[in-house]
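J.: Requesting a structural model of the entry that follows:
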Amino acid sequence: MRKIYPFLKDQQARQEIYKHKWIESEKAGREIGFATAAYDWITQYGQSWLDYHKKNPSQLN
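T.: Numbering: from 1, shown residues only. Sure, this is the predicted structure:
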């Protein structure tokens, strides 16, 4: 299991999670909740997001 807390502390990651929450809620036709969206985003996209930002450090906060 990936560590969730570092993502939640990062403002840019939280913004991505909120976008993901909105998109997935629209798809589901109901509110999915932040915790569900956070877990889903982190498990699906978290590592790629980290890898990108490690290569492009100017993109980090």
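J.: residue ranges with poor pLDDT in the protein?
T.: Applying pLDDT under 70 to the chain flags the ranges 1-4, 58-61.
J.: Name the residues of stretch 9-18 that are buried.
T.: Burial within stretch 9-18, assessed by neighbour count using 16 or more other Cβ atoms under 10 Å, is assigned to D10, A13, E16, I17. Placement of C-beta: from N, CA and C, glycine included.
J.: Under a three-state scheme, what state does the second one occupy?
T.: Under the three-state scheme (DSSP: H, G, I helix; E, B strand; the rest coil), A13 adopts helix.
J.: In space, what's closest to it - neighbours in sequence excluded?
T.: Counting by Cβ to Cβ, 6 or more residues apart in numbering, A13 lies nearest to F7, which is 4.3 Å off, once chain neighbours are set aside.
J.: Quick one: name whatever helix or strand follows the host helix or strand of D40.
T.: In this structure, D40 sits in helix 34-41 according to DSSP states H and E. Of the helices and strands lying after helix 34-41 in sequence (DSSP H and E), the nearest is helix 47-55.
J.: Next, name the residue at the spatial heart of the protein.
T.: Taking Cα atoms, centre = their mean as the criterion, I17 is the residue nearest the geometric centre of the chain, at 3.5 Å.
J.: which residues does that residue contact?
T.: If you count contacts by Cβ atoms under 8 Å, 6 or more residues apart in numbering, I17 has them with F7, L8, F34, A37, A38, W41, I42.
J.: Would you mind checking these for buried ones?
T.: The neighbour-count test (16+ other Cβ under 10 Å) applied to the contacts of I17 identifies F7, A37, A38, W41, I42 as buried.
J.: buried sites along stretch 16-35?
T.: E16, I17, H20, K21, E24, I32.
J.: ditto for stretch 48-61
T.: The neighbour-count check on stretch 48-61 (16+ other Cβ under 10 Å) flags W49, L50, H53 as buried.
J.: so what's the first one up against?
T.: Contacts for W49 were tallied using Cβ under 8 Å, 6+ apart; they are A13, E16.
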